[in-house]
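> Got a predicted model here, sequence first, then my questions.
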Amino acid sequence: MEEVAAAAIIDARGTVTGWSEGARRLTGYAAEDVVGRPAQELLAGDVSPPPLTALTGTVILRHQDGRPVPLRVSAYPLLGVDPEPRAFAVTTVPDAGEPLLVAHAFQQAPIAMSVFDTQQRCLRANDKTAEILEAEADELVGRRLGDSLVKDDESRRRFRSHLRQVAETGRPAHYESHTRMSSERREHAWTIDMWPVRSGSGPVTAVAVAAVDNSEQYRARDRLALLNEAATAIGTTLDVTRTAEELLDVAVPRFADFAIVDLFDWVLGQDERPMRRGDGLVLCRVAHRSATEGTPEAAVRLGEDDTYAPHSPPARALRECRAVLRRAGEPDFDRWLQERNARGVGDPAARRGAHSLVAVPLRARDTTLGVAVFLRIGKQDPYADDDAVLAEELASRAAVCVDNARRFARERSTALALQHSLLPRGLHGPVALEVAHRYVPSVARAGFGGDWFDVIQLSGSRVALVVGDVVGHGIRSSATMGRLRTAVRTLADVDLAPDELLTHLDDLVAHLAAEEAGDEVGELGATCLYAVYDPVSRRLGLAAAGHPAPAVLRPDGSARLVTMSAGPPLGVGGLPFEATEVELPQGSLIALYTNGLIEGRGRDLDRGATELCRALEVPRDSLDALCDTVLTAVLSEEPGDDVALLLARTRALGADRVATWDVPADPAQVAAARQQAIERLARWGLEETAFVTELVVSELVTNAIRYGGPPIQLRLIRDRSLICEVSDGSSTSPHLRRAHAFDEGGRGLLLVAQLTQRWGSRQTDEGKTIWAEQPLPD
């Protein structure tokens, strides 16, 4: 399109006296419509023209059809005989010399563009600007954009400030603004660029503005940021209720003004109640959150049941397994809100401004766990389809975390029940020991571990103390712990020495690991400490398999660790275990524990052991109180591993409770041995047991003389039961057998087994000991 040149003659008084054809084509006014009129009437709005004495300037004329026409004009004085000009010849081309095509491109641009003079008055605005500001384009010319068109005070202030800075400094400006149009609820995000307009290299004569609506991109970034936050903020614990609360912490107030999470009872591990009540679905309220303090919108209290009618949006979401979006004015929404208000809980006035909701089922692994409902109240925009998609994403992430927490709670409950069934429930210590214990599960690990302890009554009033730890946590570790505890009890019943017992237990762990691994190398580790206390000799024999040494508090009040070899952990195989034996004064305290007690973040084992010994030295009235003192002093924070603690105070059986005789290897000495035993029973006041004891002594001493070898020794122990022991130098163990009718022997041990409460044999360094126990009279 060709450039359109225009010319006009304006006299010294500002009246148009000449009008060219180009001026008519440019403005739409014919010469007869203009000549004789003041030139000021042709300007748009209240814009003042530049003085005619200036060589060049920018003016805005109003076209005959009403639209503004920005022009760059040049004025040339027409001189007569007087020195003052009599008139001016004014020439111009459209839009500062640009082709009309460029002018139309500015006017029709899809982004908002406008030009302001240095006084912040609008010189020109394109159609998009007029559309956004809900005004006609010619109405904007000559006005300050911030006066009445931009409603938000903060946005108006920032706009004026940047316009002034660009005009004064000549430097462009770039910033983002968030404002709400007067007819919309939804806030818009704008990217605004301003740059100075100069005439050649001269001063700034105007400021150009371009504004791009980035609302969709902004909302997309905001949704992505919300999802990223949800990925890190939801599921920080393996607790169902806390996970539901974390979902609402993320959603309120950024995504919703009020939100709730309701779950089925079985998800919470409660006894299953009917999921339906009449025609409605019954769920339990586990969490709700409001942007208003105090949660006035909640119509159901935490922990109470909420019943959803079939028509309600949450029931539809559960039934259809998808997000359900409803707005005010729709029957489902209005009816659901009326039901909420009719419950008489919460503040109905707080729900009065609710205008939209999204109900989303919480589904994980093809299982529906409950429902989340997001509600918007007041000034927030109503939910749209993209909000429903976002709600489904949030609910999906939360549902997986809720299901993980539910599975963990179920496994934890199972492991807890299994572990409680395997650990000793009541440790009623024998006369030789007074015991107390504590078990502290770790809150930082996924499930209960494999820590265990035990107190086992052995023959001869001896007592075995056991503490162990299986690597790992959960049901598998608890089950392995149970197998090892059973194995220890079985091996202890054979009366093996501590180091020998650990050798057999080491073989068992290696076999268990091989069974679990199949053809691969097994990885099943455990540690164990096995100790045997003899109240007669007051000696403690012990051996460890990768386990920390026990601490001993002596009667003088000093506590220290027992010096011993830790040994290799169970399951390594091929390495020996070393036994240690110490003599303890009566009233000594033995502390056995697992490494969770003395290990911790920022603390090494030596420091933990020192703190343990220091805690044991604190005087307490009872062992139970001392257990609590130790845990409080040593565990300064939540334990990172399970903790088992077993305290045992020793007692001694004095000479008045034990009688020992050496027996010559002569059958004639059997009668003398019986007589000595009867006399000792009389001294103890146990004449009622004399008959059975006489038979037992006779049979066991006879067998030792006939089948064993010297030295032979008879010992009676009065403890909670009466114990008869006969030792000899042979390592051959006796066993019961069935005697036939004409057999002359083979009935002795059978007779002993029938007359006593229990009997057995154990190997010793010199041979073996056969023992039998019978209850004491009431």
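All right, it came through fine. Because the structure is predicted, anything quoted here is derived from the model rather than measured.

> Double-check that Glu134 belongs to a strand.
No - under DSSP: H, G, I helix; E, B strand; the rest coil, Glu134 sits outside any strand and is assigned coil.

> how near is it to Leu140?
For Glu134, the distance to Leu140 equals 11 Å [CB to CB, to the nearest Å]. For every residue, glycine as well, the C-beta is placed using N, CA and C.

> Settle it for me: which of the two has more neighbours?
Neighbours of Glu134 and Leu140, each counted by other CB atoms under 10 Å, are more numerous for Leu140; the result is 23 against 10.

> which residues does that one contact?
Going by CB atoms under 8 Å, 6 or more residues apart in numbering, Leu140 touches 114, 122, 125, 129-130, 133, 149.

> how about 6 Å then?
The contact partners of Leu140, taken as CB atoms under 6 Å, 6 or more residues apart in numbering, are 122, 125.

> Let me know whether Arg376 touches Ala259 as I believe.
No - checked against CB atoms under 6 Å, the pair Arg376 and Ala259 is beyond contact range at 9.9 Å.

> centroid residue for this structure?
The geometric centre of the chain, computed from its C-alpha atoms, lies nearest to Thr236 (CA atoms, centre = their mean), at 1.6 Å.

> Now the nearest residue in space to it that is not next to it in sequence: which helix or strand?
Of all residues beyond its chain neighbours, the one nearest Thr236 is Glu246 (6.6 Å), with distances taken as CB to CB, 6 or more residues apart in numbering. Taking DSSP states H and E as the criterion, the element that holds Glu246 is helix 240-251.

> With Glu578 instead?
Mapping Glu578 onto the secondary structure by DSSP H and E places it in no helix or strand at all.

> my guess is it meets Ser565, correct?
Yes - with contact defined as CB under 6 Å, Glu578 counts as touching Ser565 (4.2 Å).

> which sections of the stretch 351-500 of the chain are below the confidence cut-off?
With pLDDT under 70 as the threshold, the stretch 351-500 of the chain has low-confidence stretches at 379-380, 415-431, 443-449, 473-474.

> Could you rerun that using 50?
Screening the stretch 351-500 of the chain residue by residue with the criterion pLDDT under 50, one finds the ranges 446.

> And the helices in it?
Listed in chain order, the helices of the stretch 351-500 of the chain (DSSP state H, counting those that start in this stretch) span 385-422, 475-493, 498-517.

> so Asp454 bridges to which residues?
Applying DSSP bridges to Asp454 gives these bridge partners: Val466.

> Neighbours of it, how many?
As a burial measure, Asp454 scores 20 neighbours (other CB under 10 Å).

> Check the one 4 residues further on too.
Taking other CB under 10 Å as the criterion, the count of residues near Leu458 is 19.

> ok, now Leu43?
Based on other CB under 10 Å, the number of other residues close to Leu43 is 18.

> and if you look at Ser731?
For Ser731, the neighbour count with other CB under 10 Å is 12.

> measure it to Gly748 for me?
Applying CB to CB, the value for Ser731 to Gly748 is 19 Å.

> same check, this time on Val261
The separation that Val261 has from Gly748, given CB to CB, amounts to 74 Å.

> tell me the SS of the residue nearest to the centre of the chain?
Using three-state DSSP, the structure places Thr236 in coil.

> pLDDT wise, what is it at?
At Thr236 the predicted local distance difference test score is 87.

> before we move on, back to that, how many other residues sit next to the residue nearest to Thr236?
When neighbours are defined as other CB under 10 Å, Glu246 has 22 of them.

> where's the nearest residue to Gly280 once chain neighbours are set aside, which helix or strand?
Counting by CB to CB, 6+ apart, Gly280 lies nearest to Thr307, which is 4.2 Å off, once chain neighbours are set aside. Assigned by DSSP H and E, Thr307 belongs to strand 305-308.

> tell me the angle of the following helix or strand past that strand relative to helix 385-422?
Where DSSP H and E defines the elements, the next helix or strand beyond strand 305-308 is helix 313-320. Taking axes from the mean of the first three to the mean of the last three CA atoms, to 10 degrees, one finds that helix 313-320 is oriented at 70 degrees with respect to helix 385-422.

> Give me the residues contacting helix 313-320.
Helix 313-320 is contacted from outside by 281, 308, 324, 326, 332, 359-361, 371, 373, using CB under 6 Å, 6+ apart.

> same thing but at 7 Å, please
Outside of helix 313-320, the residues within contact range by CB atoms under 7 Å, 6 or more residues apart in numbering are 281, 308-309, 323-324, 326, 332-333, 336, 357, 359-361, 368, 371, 373.

> Pull the distance from that helix to the chain's centre.
Counting by CA atoms, centre = their mean, to the nearest Å, helix 313-320 is centred 28 Å from the centre of its parent chain.

> Now do the helix or strand just after that helix: which elements does it pack against?
Heading C-terminal from helix 313-320, the first helix or strand you meet, by DSSP H and E, is strand 324-327. Under the contact criterion of 3 or more CB pairs under 7 Å, 6 or more residues apart in numbering; DSSP states H and E, strand 324-327 touches helix 313-320, helix 331-342, strand 354-364.

> Give the buried residues for the second one.
The neighbour-count criterion (16 or more other CB atoms under 10 Å) identifies 332-333, 336-337, 340-341 as the buried residues of helix 331-342.

> And for the last one?
When neighbours are counted by 16+ other CB under 10 Å, the buried residues of strand 354-364 are found to be 354-364.

> hmm, which two among those residues are most spread apart?
Pairwise distances across the buried residues of strand 354-364 (CB to CB) peak at 30.5 Å, for the pair His355 and Ala364.

> how deep is the closest residue to Gly378 other than its chain neighbours tucked in, by neighbour count?
Using CB to CB, 6+ apart and skipping the chain neighbours, the partner closest in space to Gly378 is Gly353 (4.7 Å). Close neighbours of Gly353, defined as other CB under 10 Å, add up to 14.
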